[in-house]
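Undergrad: I need the structure of the sequence given here:
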Amino acid sequence: MMFAKGIKAAVALVGFGLCTQAMAENPLIQTYYSPDPAPVVFGDTLCTYSGNDEGGSFFTMHGWRVSCTTDMVNWTDMNTLILEAGDFNGSAKKNGDWASQCIRRNDKYYYYVTVESTRGGRAVNVAVSDKKEGPFKDALNGKHLAGPNWDYIDPTVFIDDDGQAWLYWGNPKLYYCPLKENMIECASEIKVSDMSTFNGKYTEGPWIHKRGKKYYVIYAAGGIPESIDYSWSDSPTGPWTYKGVIMPSSEPGAAFTVHSGIVDFKGRSFFFYHNQKNVKGGGYSRSTAIEEFTWNADGTIPTIRATNNGVVKPIKNLDPFVRVEAETKAWVGGMTVNTSGGYTIIEHVGAEYGNVFLTKMNSGFYTKVRSVDMGDGADRIIVCTRGNGGKLELHAGSENGALLASMDIPSSSAWEEHTFDVTDAAGVDDLFFVVKQGGFDFDYWYMESEKTAVPQTPYKGTAATVPGKIEAENYDEGGHNKAFYDNDRENQGKVYREDEVDVVDISDSKCGDAACTGYAIGYTQENEWVEYTINVAADAKYDITANVATAFETSALQLFIDDKEITESVVAPKVDSVWTTYKVIDVGSVDLKKGEHVLKLLITGGYLNVDWIQFTDPNNPNMAISRTVHMEPHASASFNVFGVTGKFLGRVENTGANMAATLKNAGFANGMYILRFVGLNKTLRVQVK
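TA: Below you'll find the model as predicted:
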């Protein structure tokens, strides 16, 4: 792999792995305090779950968090909080959220956490989710899995080779029970391990690991300050034989408490623990760190020393030619910490509707992304931002290294992509995104070269024909913010196509009197959109209908041709409460010119399923038309005006095509309004700006 001309020699050395100190970082999570790490492997991804230290003068933790990686050097914040005490239906007190562990079984994710019980003492609660990043929900509807009991802290869970799941926890004793198949109840009474076999070393924070035929319990040991010790057994229930110290209590930067986990991933072994080395860290502001190690030949665990390096060699290089989340990073510098009220809280990560982004970035803030493989070269970088204008620079090798791109970020009220040229961007290198002027939020980035740029094209290469029916699931190819925009990065429907757009199977639904067939776009959120390349057969005025389903009274859509709006925002009528009854609605009409155009479907009110959109030429005698009453957009009409909560606000007379202007001229303030046509079943959703 060759570097493009002009990259400095020092930068090239980093890319070829000769500057190991610059390539490794501990603690591995800087954007929040992450005590009590619990690593777990899900296929090609490793995630570490943790608490959420808030500093102060005690172990004050509000909720739990998770970060994930595929390369062991770049970590992605998956949310701000995935679960908090208030989610447990009154059984847990706020800010009493201690150590936890997650496991997957039968396509569900089970999360075992320590809470301070509202009935006194501490307890083990369990939550469940369909996704590793949550959100998690109380699995026992306000009940504890174990407790309350002041000893009941720090759960650890594993599934044995025979399929039996086991749960362990406790301070100063090691409690355990087998779990039922449902993973939310003990299958027998709770038992206490024979503590005499631990040589008086066991304190808290157990972690269970199986390797070969041996069962390992790793734990915080020896009182304050704690070391990390371990014992092993030939059985998941003991008796346990004490084996020694893994990490001494005297390591530089150690907190006075410890918590650890061991996991094997991609043929390599990793030891997780926490320390107080993060910015403004301390005994109540702890952060996850990691060391790679090799097992001894006899199955014992070597002494592991704390380093500043962490994982030196990545599992793989990062691909910059696909979307990379801005919150994916190996290191963060120039952070600010909120210390008001005696707490220490880092606030550089935000989340909305499942979308996670970097925020509150001041001048001097930077993120480092390691081992980025730019191949034979990138020509440009695309960044997605919103907020005030600012300035962002891309450097190679260090925050002051070779300048690859200088980006003047324009202001925008919504998320927008911005494209900038890059120079000397080639080969494998560490990249630094350096904020020179803050004020904007940063969602994601990716690079393009003339070879890798994916143009927007019709689905399967064939434009949809107008007049005719356009299946909603056949949106254009080309990727995020080119052919579509989806707030939720997860493919919720998991059918038909494999990108971010949520497509659902509607074969269990009714379309009029008949059963539906095929697919629809579902799980929609406001401001999401998809585009379709269409081929208009002839100049004509076309009527537009759509087949939709919703359980809400504010779900709505709007259509654009070549980025010009052709309809108002049309509210779909609520038919049922489960999205299984589809109804054909009148959307509007439009004059179209013969030839190729781009149709955009914008969701202006969320939770609308769209099956198809149909363009009909009413003057074509061969076209059989069955449709609802259609209102000419220029016709004079009366509308009742409602707020989005349903409150009646007044009535307006419209004599033109622009309802937003009519509302504004009538004295309505900026905002969203629901308009109902007086005398007809016609509803519009209109935004006044």
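Undergrad: So which residues of the stretch 301-450 of the chain form strands?
TA: 324-325, 328-329, 331-333, 337-338, 345-346, 349-352, 355-358, 366-373, 380-387, 390-396, 402-409, 412-421, 428-437, 440-448 (DSSP state E, counting those that start in this stretch).
Undergrad: most tightly surrounded among those?
TA: strand 328-329 (a mean of 26; mean count of other Cβ atoms under 10 Å). The way it works is simple: take the backbone N, C-alpha and C, and place the C-beta from them, glycine included.
Undergrad: So which other helices or strands are in contact with that one?
TA: strand 75-77, strand 366-373 (3 or more Cβ pairs under 8 Å, 6 or more residues apart in numbering; DSSP states H and E).
Undergrad: Now mean pLDDT and distance to E292 too, for the strands of the stretch 301-450 of the chain, in TSV please.
TA: TSV is the format used below for the strands of the stretch 301-450 of the chain (pLDDT from 0 to 100; distance: least, Cβ to Cβ, whole Å):
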stretch	mean pLDDT	distance to E292
strand 324-325	97	24
strand 328-329	98	19
strand 331-333	95	17
strand 337-338	90	29
strand 345-346	88	26
strand 349-352	94	26
strand 355-358	95	27
strand 366-373	97	15
strand 380-387	96	31
strand 390-396	97	26
strand 402-409	97	29
strand 412-421	94	36
strand 428-437	96	19
strand 440-448	96	28
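Undergrad: hey, where'd the helices end up in this structure?
TA: 9-15, 659-665 (DSSP state H).
Undergrad: rank those by pLDDT, which is bottom?
TA: Comparing mean pLDDT across the helices of the chain, the weakest is helix 9-15, with a mean of 31.
Undergrad: Now do the contacts for the most centrally placed residue in the chain.
TA: Nearest to the centroid of the C-alpha atoms of the chain, with distances taken as Cα atoms, centre = their mean, sits M78, at 4.5 Å. Residues in contact with M78 (Cβ atoms under 8 Å, 6 or more residues apart in numbering) are C47, R65, V66, S67, C68, K132, E133, G134, V356.
Undergrad: Count the neighbours of the residue lying closest to it once chain neighbours are set aside for me.
TA: Spatially, and ignoring its direct neighbours in sequence, M78 is nearest to E133 (3.7 Å; Cβ to Cβ, 6 or more residues apart in numbering). Counted by other Cβ atoms under 10 Å, the residues lying close to E133 total 22.
Undergrad: for the one 10 residues further on, same thing?
TA: Residues contacting K143 under the criterion other Cβ under 10 Å number 15.
Undergrad: Distance of S509 relative to V578?
TA: Distance from S509 to V578, counting by Cβ to Cβ, to the nearest Å: 9 Å.
Undergrad: out of those two, which sits in the more crowded spot?
TA: Taking neighbours as other Cβ under 10 Å, S509 and V578 compare with S509 leading, 20 against 10.
Undergrad: ok, now which ones touch that one?
TA: Contacts of S509 by Cβ under 8 Å, 6+ apart are A515, C516, A549, W579, T580, T581, Y582.
Undergrad: Go ahead and confirm the fifth one touches D505.
TA: Same thing as T580. No. The pair T580 / D505 is not scored as a contact, 11.5 Å apart, by Cβ atoms under 8 Å.
Undergrad: Chain neighbours aside, what residue packs nearest to S555?
TA: L608 (3.7 Å).
Undergrad: and what of Q101?
TA: Per Cβ to Cβ, 6+ apart, closest to Q101 is A38, 4.1 Å.
Undergrad: tell me which residues form a beta bridge with that neighbour?
TA: With DSSP bridges as the criterion, A38 is bridged to Y49.
Undergrad: and it, how many residues sit next to it?
TA: Considering only other Cβ under 10 Å, A38 is surrounded by 30 other residues.
Undergrad: hang on, isn't A326 packed against V435?
TA: No. Taking contacts as Cβ under 8 Å, A326 lies outside contact range of V435: 11.1 Å.
Undergrad: Run through the bridge partners of D591.
TA: Judged by DSSP bridges, the bridge partners of D591 are K541.
Undergrad: give me the number of residues near it?
TA: 10.
Undergrad: Against G512, how distant is it?
TA: Taken as Cβ to Cβ, the span from D591 to G512 is 29 Å.
Undergrad: ditto for A463
TA: From A463 to G512 the distance is 28 Å (Cβ to Cβ).
Undergrad: who's more crowded, these two?
TA: For A463 versus G512, the count of surrounding residues by other Cβ under 10 Å is larger for A463: 18 against 12.
Undergrad: which residues touch that one?
TA: Counting by Cβ under 8 Å, 6+ apart, A463 has contacts T533, I534, N535, E596.
Undergrad: Do I have it right that the last one meets A537?
TA: No. In this structure E596 lies outside contact range of A537 using Cβ under 8 Å: 11.2 Å.
Undergrad: neighbour-wise, which of these two wins?
TA: Neighbour count, other Cβ under 10 Å: between E596 and A537, A537 has more, with 15 against 11.
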